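# following is a predicted model, sequence given first.
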Amino acid sequence: MAASVATGVMEPLLGKLTELLGEEYKKFTGVREQASFLRDELSAMKALLDKMELMDKLDPSAKNWRDHCPCKARLCQEDGEFLTTLGRRHKIASQIEELKVLAMEANARRKRYKIDDCINSSPGVVAIDPWMSAIYKEAAGLVGIDGPREELIGLLMDSQKQLKVVSVVGFGGLGKTTLAKQVYDKIGEQFSCKAFFSVSQRPYVKSLLIGLQRKLGIKESSHNHELQEIVDHVREYLKHKRYFILVDDVWDQSAWNIISCAFPENSNGSRVMVTTRLDDVALCACHSDPACIYKMKHLKEQDSRRLFQLGSDNVCPPQFEDISAEILKKCGGLPLAVITIASLLASNEARSLNEWKRIKNALGAKSATQPTLEEMRGILNLSYIHLPLHLRPCLLYLGMYPEDRDIYRDDLVRQWISEGFVCSSRGVDLEDVAKGYFNELINRSLIQHVHTQGGEVLYFRVHDMLLDLILSKSTTDNFISVAYNYEDLARLHSCEYKVRRLSLISSVCGAITEALATSMSQVRSYAQFGESKYIPHLSQFKYFKVLARGAKIVLPTEIKGLVHLETLELLCDSTQSFPSDINRLVNLFHLILPDGTALPEGIQNMKSVRTLNCSVMSESSLEDIKGLRELTNLKELILSTPYGQCLTVERADALVSSIGLLRDLKHLTLDCDSECDGYEKLSDSLSDPPPHLEVLDLETWKFSIVPGWIRELRCLRILKLCILCLSGDDIRVLGELPSLVYAIFRGLDVSQDKIVVSTGLFLVLEEVLFWSDEDVTAYLSFEAGAMPKLQKLILGFGWKEWMGATPVGMECLLCLQDIQLWPEGTGAESSKDQDDVLAAIESSFKSAASMHPGHPSVTFH
């Protein structure tokens, strides 16, 4: 059974107690009897705690028993050391006796205060099983948006040549970001440069502006480290350009006053759009001009109903018409409320009328007339209390991340696994189970996808109103502790409960006392975001299971004491030597090495590792590269070399040989400089590739032809490949891959052969990018029946090489929805020749799209 929020700490102990009943401990008769008794007691206690998880509100006596359950508290404080004792020594009778006493005390209090009676008298909520993907997800960005979008575009795209700032203001959940992003996408190509970034409640402005530089394509200066220097650098870049910047989620005037300094006044028709919940911020941003403020409106009744629709036929079953009208009225025209409730109801397989009535009654009476923050939180809370138990800790764990952050799905699911949130299923890999959990949250519209690839959500974010609810519940349940400053850390030190999961967000300053550092020693999971003067010593956290961070950390000379560590992600520059004894961590499953760190010495001993990411393969020893072949549990391998460096022929040969022996590998990325001799060995030597590969990224390796072994990859879903002379024969080989849904094909020279995508090729492909320095559009054609599921076609080519054609047969791609053009060599400073060619390209492709039965969109990247 999967762990709930309240009982997650019991799961490992129950597992250990079960081990004690096995053959290895058969001769310890007394211990086995005690272990059996304790396991039964804890199982009963866990069942009650699980039942409490289903209650929206608990009787005070029941809540007090849950929060002060002595056995649970003991495990929270010392489970790492205790479990080590159970697993490594046979002197365990006294520890079991101690827990037995605590369990008996807890059950005695349970009977004395009649906790079971309190639970049974509390109104319960029936758990809802997942039924379908959220059919409302796409509609959320479209329903009722046409009118507001055109109105906002009218405000922005007037004849004013001076810089203009337009504010979008409204209550949380009204869809400000959705509307602003729609406008940004529609008119963004009319500007010479554009960028979109979120500010959030506790912004670190310097970091935001560094991110803005990257999005604008500004090369970062090695000496621009101060805020003023960064502002000056951005201003200088934008000074003579017609730019469009979307600044999302601004909460206070002081942050805006600094950010706005980066936007120079000019006479080029530049525009800035700001979204905010606060009227004073909106007025400040647009220089106190009310005419430049767009106030969000609630959805009209018919738009709310469209968003709420129950199926593709747009018809509400007669028995639900009255109750759905009442529910919609209580949603008050808030898109977030409508989509949340709609997804909640869609997830109910039975869809009984009584369940709908229960949900309607749970909505606040004030929602219909004046939805407040509390009313909106009540609506979101309904979705939380209807979550199956196994999904609750997974959702609450999102509180480890700061608001407005794009979160990588694979990092998250690995952390869920390390935390013990994911229940094993016979014959199914744990990561696949965890991705199923993730998809359930997507289907319930509790998280919002940001970037998809191959039909899977890779990056996502959490709405800030839902994050507020998550943090509130996490604080109540002591599930996650978040610190924004030194005072927060000090408060955690004096807290009644031990800190188990700690997230440092923004800037934590001040000297950390020894006592404060000691209070953090019980932390199991630690993450840090933003710059901070607090640099913890890794050796402080002896019970670590998850370390995921992007800032500085003091690495000890020895790391072998962190015996519980399962996930280590150091996505930051490492200026220190990496602990040489990391190969002693027998429980380490996921290792993301910091930039500048080569493969650890003796890596062949790290046989438990399933994920490995190393960015300095050129400095890794030949012996360690050969040692990779011993990591037979590897599922994901991402290796690269710094720009300008490459592997020697000997190292490349050893790497290819090692990869061939990793039979369980599912994801392989080799981002190595391919200018060196010897890389063709991958084509010749890997005759028997890992059979279960699903993702293969060899975009930086240049092959003369498609390697023959690729045709053996029957599970391959995502492929990125570079062929020196891409030919029709290569396309035929690739087109027969039965599972391929996403592909990037780079052909440096396509002029030698017509690339014809024939009937019956690429049967499940949904998105493809053809990229060449030549004019790929002139050599590419499609036959009827080719790529029958293709939705997005991306073409990258040198604009100077364009010969005036569009690919032949695009009208045969019947599912095509989007054509993206990536003309190479277009600089920020345009010329008349460039503008004329780009206009001709756009006109030709739009004309071709108009002949397509589905009228796909045409956009420039």
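Cool, the structure landed.
# could you tell me how many residues sit around Val422?
For Val422, the count of nearby residues is 24 (other C-beta atoms under 10 Å). The C-beta positions use only the backbone N, C-alpha and C, and glycine is treated the same way.
# now do the closest residue to it other than its chain neighbours, the pLDDT please.
Among residues not flanking Val422 along the chain, Ala434 sits closest, at 4.6 Å (C-beta to C-beta, 6 or more residues apart in numbering). Looking at Ala434, its pLDDT is 92.
# my read is that Ala434 contacts Glu419, right?
No: under the criterion of C-beta atoms under 8 Å, Ala434 is not in contact with Glu419, lying 10.4 Å apart.
# hang on, the earlier thing: roughly how far does the residue nearest to Val422 sit from Leu466?
20 Å (C-beta to C-beta, to the nearest Å).
# more neighbours, these two?
Leu466 (25 against 22).
# surely the more buried one touches Gln448?
No: under the criterion of C-beta under 8 Å, Leu466 makes no contact with Gln448, lying 9.3 Å away.
# and the gap between the closest residue to Glu801 other than its chain neighbours and Phe745?
Distances taken as C-beta to C-beta, 6+ apart put Asp775 closest to Glu801, at 4.3 Å, once the chain neighbours are dropped. Note on Asp775: its distance to Phe745, by C-beta to C-beta, is 15 Å.
# who touches the closest residue in space to Gln817 that isn't next to it in sequence in this structure?
Using C-beta to C-beta, 6+ apart and skipping the chain neighbours, the partner closest in space to Gln817 is Gln791 (4.8 Å). By C-beta atoms under 8 Å, 6 or more residues apart in numbering, the residues touching Gln791 are 766-767, 815-818.
# what does Leu686 give?
So Leu686 contacts 656, 659-660, 707, 709 (C-beta under 8 Å, 6+ apart).
# before we move on, what about Lys357?
Ile323 are the contacts of Lys357 under C-beta under 8 Å, 6+ apart.
# please apply the same query to Val546.
415, 418-419, 524-527, 565-567.
# just list the residues touching the closest residue to Gly454 other than its chain neighbours, thanks.
Using C-beta to C-beta, 6+ apart and skipping the chain neighbours, the partner closest in space to Gly454 is Tyr742 (3.7 Å). Residues in contact with Tyr742 (C-beta under 8 Å, 6+ apart) are 453-455, 717-719, 765-768.
# filter the residues you listed down to the buried ones and hand me the ChimeraX line.
A single ChimeraX command suffices to select whichever of the contacts of Tyr742 are buried according to 16 or more other C-beta atoms under 10 Å:
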select :454,717,718,719,765,766,767,768
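# now intersect the contacts of Tyr742 with the strands, please.
Among the contacts of Tyr742, the residues falling in strands (DSSP state E) are 453, 718-719, 767-768.
# quick check: which of these has the minimum pLDDT.
On pLDDT alone, Gln453 ranks lowest of the ones in strands among the contacts of Tyr742, at 85.
# separation between that one and Ala434?
18 Å.
# with Glu487 instead?
Glu487 is 35 Å from Ala434, by C-beta to C-beta.
# and if you look at Pro594?
Pro594 is 25 Å from Ala434, by C-beta to C-beta.
# next: Asp775.
44 Å.
# and Phe544, by the same measure?
Computed as C-beta to C-beta, the Phe544 to Ala434 distance reads 20 Å.
# circling back to that earlier point, which ChimeraX command selects the buried ones in the contacts of Leu686?
ChimeraX command restricting these to the buried ones, with burial defined by 16+ other C-beta under 10 Å:
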select :656,659,660,707,709
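# go through the contacts of Leu686 and say which is closest to Asn605.
Ile659 (19.0 Å; C-beta to C-beta).
# you'd agree the closest one is in a helix?
Yes: assignment of Ile659 by DSSP: H, G, I helix; E, B strand; the rest coil places it within a helix.
# ok, it - contacts?
By C-beta under 8 Å, 6+ apart, Ile659 lies in contact with 628, 637, 665, 668, 686, 689-690.
# at 10 Å what do you get?
The neighbours of Ile659, taking C-beta atoms under 10 Å, 6 or more residues apart in numbering as the test, are 628-629, 634, 637, 639, 665, 668, 670, 682, 685-686, 689-690, 693.
# return the helix or strand in this structure with minimum mean pLDDT.
Lowest on mean pLDDT, DSSP states H and E among the helices and strands of the chain sits helix 70-88, with a mean of 44.
# all strands for the stretch 201-350 of the chain, in order.
For the stretch 201-350 of the chain, the strands defined by DSSP state E, counting those that start in this stretch occupy 243-250, 271-276, 293-295.
# and for Ala434 and Glu419, which residues touch both?
Common contact partners of Ala434 and Glu419 (C-beta under 10 Å, 6+ apart): Cys394.
# low-scoring stretches of the stretch 201-350 of the chain, by residue?
221-224, 310-316, 347-350 (pLDDT under 70).
# at 80 what do you get?
201-202, 219-225, 298-299, 306-320, 329-334, 336-337, 339-350 (pLDDT under 80).
# and the closest residue to Leu628 other than its chain neighbours, what pLDDT?
Once flanking residues are discounted, Leu628 sits nearest to Ser658: 4.1 Å by C-beta to C-beta, 6+ apart. Listed pLDDT for Ser658 reads 92.
# ok, now which ones touch Ser658?
By C-beta under 10 Å, 6+ apart, Ser658 lies in contact with 604, 624-631, 634, 637.
# for Ala784, grab the count of nearby residues.
The burial count for Ala784: 12, using other C-beta under 10 Å.
# can I assume it is in contact with Leu814?
Yes: the pair formed by Ala784 and Leu814 meets the contact definition of C-beta atoms under 10 Å, at 9.0 Å.
# can you report phi and psi for the residue nearest to Val422?
phi -60, psi -40 (degrees, to the nearest 10).
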